[in-house]
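> Have a look at this prediction, sequence included:
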Amino acid sequence: MTGLVPTLSSRISWRLNLLHKTTQYVTIRAFKALRIPSRPVLPPLSSAFPLNSSPPRLVSSYSNKSAAVQMQNPLSSDDNLVILGIETSCDDTAAAVVRSSGEILSQVVSSQADLLARYGGVAPKMAEQAHAQVIDQVVQEALDKAQLTEMDLTAVAVTIGPGLSLCLRVGVQKARKIAGRLNLPIVGVHHMEAHALVARLVEKKLQFPFLALLISGGHNLLVLARDLGHYIQLGTTVDDAIGEAYDKTAKWLGLDMRRSGGPAIEELAHEGDAEAVKFRVPMKQHKDCNFSYAGLKNQVRLEIEAQSINAEIPISSTSSEDRGARANIAASFQRVAVLHLEEKCQRAIEWALKIEPSVKYLVASGGVASNKFVRSRLNQVVERNALQLLCPPPSLCTDNGVMIAWTGVEHFRVGRYDPPPPANEPEDAQLDLRPRWPLGEEYAEGRSDARSMRKARIHQSLTSLIQASLLEQPKPTV
Ligand code: KG4
Ligand code: ZN
């Protein structure tokens with residue numbers, strides 16, 4: 001959790017309050033000093049709009065015109081926005097308040113660790129109930145810790161995808177309730193974009209373009225971030241993500257899952273010999289940037305069976321010999337799982353530099369990027385290529401509200417937000433949630449021929465939506 005900071009000055013709060021009470025955006029121009037855009041300059045991302053109200057236009061095509069249009073940015077870097085971010089896409093209920101200066105005013109995360117430990121994975125219905133139980137408290141605590149009231153907010157940002165729709169709904173409903181009551185604009189956020197962009201809050205000198213490796217429980221992405229809202233997907237997983245492999249390995253080794261499987265494996269691996277079990281590195285024959293962890297998971301399962309390790313006996317009460325065997329498997333698994341990351345990152349760096357020779361950073365983010373072994377191995381890869389590795393601190397790598405609020409800041413600044421929802425929106429309004437929502441367009445050279453590649457797509461990628469909307473903007477007048 002982040003420390004507290006002084007309250008906003010009452011003058012600013014008053015102005016913001018007034019601003020929010022006015023009929024939608026009309027009188028906002030009177031408060032130019034605050035540099036709030038008087039209306040959305042660019043169409044919103046997608047929005048958490050109910051499908052039965054008039055939704056923002058969503059068009060598809062792909063182009064590369066972002067730079068010119070982003071010059072219309074209505075806000076300068078000294079703007080003073082205060083954004084509440086809400087995240088409920090998976091098993092953590094999180095909220096945070098962030099200023100556009102990058103100052104984190106508060107950060108609150110309520111995790112469903114007990115549920116995870118009990119069920120060994122995320123059960124959507126249970127996760128939804130757990131979010132619903134704590135969401136009000138988590139948001140209130142974030143506001144209290146920031147020493148703010150809802151009235152001090154400029155906008156609300158919320159994850160609208162990808163993730164479990166039952167879970168996304170809880171956060172989106174809460175965000176819309178607050179935004180509707182206070183007449184606040186709302187920013188619909190892509191969860192994976194948020195994992196990448198939070199690195200720009202941490203490191204102010206991180207400019208586009210940069211390369212990002214996003215590694216979590218459900219995603220394994222290598223993306224070239226060319227600009228805000230413009231991502232090229234160099235690689236993804238053809239089956240499982242690395243975090244899923246960590247979690248299952250931990251479960252099968254009888255580890256304490258209360259902090260999720262990743263940290264438990266990382267810790268146990270220190271005791272083991274990483275060369276003890278010769279697991280095969282996945283996808284060696286594929287000269288692309290895609291990942292596969294299902295096969296490695298299976299290798300681990302077979303090894304555990306072969307060594308007759310009984311996960312019913314928790315590691316805390318097993319013999320030292322058995323503990324040693326488990327530690328060897330943990331260390332050997334981790335070595336190969338990360339070697340797979342290293343190999344694909346090496347290729348992605350080569351591809352990225354071909355497309356954008358000015359790339360200087362590899363951002364590693366998502367829960368697995370909080371792992372010290374992962375960080376040190378990736379660091380060696382980037383150093384070999386004369387790049388720098390940038391990893392947000394662990395509390396910003398795992399799911400959190402700060403990354404959502406910050407992504408809200410980034411998009412709000414360029415005018416990508418939705419107008420306030422109606423104050424009396426019915427509880428059962430149909431919401432635009434995006435459980436499967438790609439971040440970028442696939443790099444043509446990187447297309448996988450791996451047969452199991454998941455193809456199902458419900459929504460157009462964030463990048464294609466934004467690029468299409470940019471194309472439709474009138475040319476900036478200079
Ligand atoms: O980004 P995240 O918090 O949630 C998702 O969006 O999925 O990532 C959660 C994943 C889990 O699989 C968890 O086991 C893994 O990140 N994780 C770790 C570590 N901390 C969290 N994996 C390896 N080492 C860690 N220290
Ligand atoms: Zn995540």
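Okay, I see it. For clarity, every value in this text was computed on a predicted model and none was experimentally measured. Numbering: from 1, shown residues only. Ligands and ions are numbered 1, 2, ... in the order given.

> Against Leu341, how distant is Tyr417?
35 Å (Cβ to Cβ, to the nearest Å). To be clear about C-beta, it is placed using only N, CA and C from the backbone, and glycine gets the same treatment.

> These two - which one has more neighbours?
Tyr417 (29 against 22; other Cβ atoms under 10 Å).

> if I look at the more buried one, how far off is ligand 1?
Per Cβ to the nearest ligand atom, to the nearest Å, Tyr417 is found 24 Å from ligand 1.

> from memory that residue sits against Val409, does it?
No: in this structure Tyr417 lies outside contact range of Val409 using Cβ atoms under 8 Å: 10.6 Å.

> Mind listing the shared neighbours of those two?
Common contacts of Tyr417 and Val409 (Cβ atoms under 8 Å, 6 or more residues apart in numbering): none found.

> For the spatially closest residue to Lys145 that is not a sequence neighbour, grab phi and psi.
Leaving out its chain neighbours, the residue that sits closest to Lys145 by Cβ to Cβ, 6 or more residues apart in numbering is Ser106, at 3.6 Å. Ser106 adopts backbone torsions of phi -160, psi 160, taken as degrees, to the nearest 10.

> and Ser106, how many neighbours does it have?
Ser106: 25 neighbours (other Cβ under 10 Å).

> Beta-bridge partners for it, please?
Note on Ser106: beta-bridge partners Val97, judged by DSSP bridges.

> any idea how far Gly85 is from it?
Taking Cβ to Cβ as the measure, Ser106 falls 10 Å from Gly85.

> which bits of the stretch 351-478 of the chain sit near ligand 1?
Gly366, Gly367, Val368, Ser370, Asn371, Thr398, Asp399 (Cβ under 6 Å from any ligand atom).

> closest to Gln307 among those residues?
Asn371 (24.1 Å; Cβ to Cβ).

> residues in contact with the spatially closest residue to the closest one that is not a sequence neighbour?
In space, and not counting its chain neighbours, Asn371 is closest to Glu266: 5.1 Å by Cβ to Cβ, 6+ apart. Contact partners of Glu266, counting by Cβ under 8 Å, 6+ apart, are Gln334, Asn371, Lys372, Phe373.

> Kindly report the same for Gly243.
Ile215, Ser216, Gly217, Gly218, Gly261, Gly262, Gly366, Gly367, Val368.

> Counting neighbours, what do you get for the closest residue to Pro282 other than its chain neighbours?
Spatially, and ignoring its direct neighbours in sequence, Pro282 is nearest to Ser292 (4.6 Å; Cβ to Cβ, 6+ apart). Ser292 has 21 neighbours, counted by other Cβ under 10 Å.

> any idea how far Ser292 lies from ligand 2?
20 Å (Cβ to the ion, to the nearest Å).

> Surely that residue touches Lys284?
No: taking contacts as Cβ under 8 Å, Ser292 lies outside contact range of Lys284: 10.6 Å.

> So out of everything in the stretch 201-350 of the chain, what residue is nearest ligand 1?
Gly262 (2.0 Å; Cβ to the nearest ligand atom).

> I misspoke; the intended subject was the stretch 51-200 of the chain.
Cys90 (5.1 Å).

> so where's the longest helix in the protein?
In the chain, assigned by DSSP state H, the helix with the most residues is helix 320-355.

> for the helix or strand just after it, packing partners?
Downstream of helix 320-355, the first helix or strand assigned by DSSP states H and E is strand 361-365. Using 3 or more Cβ pairs under 8 Å, 6 or more residues apart in numbering; DSSP states H and E as the contact test, the elements touching strand 361-365 are helix 191-202, strand 210-215, helix 372-384, strand 388-390.

> Now mean pLDDT, distance to Arg323 and mean neighbour count too, for these, in a markdown table please.
Shown next, in a markdown table, are those (pLDDT from 0 to 100; distance: least, Cβ to Cβ, whole Å; neighbours: other Cβ atoms under 10 Å):
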| stretch | mean pLDDT | distance to Arg323 | mean neighbour count |
| --- | --- | --- | --- |
| helix 191-202 | 98 | 34 | 26 |
| strand 210-215 | 98 | 27 | 28 |
| helix 372-384 | 98 | 19 | 16 |
| strand 388-390 | 98 | 33 | 18 |
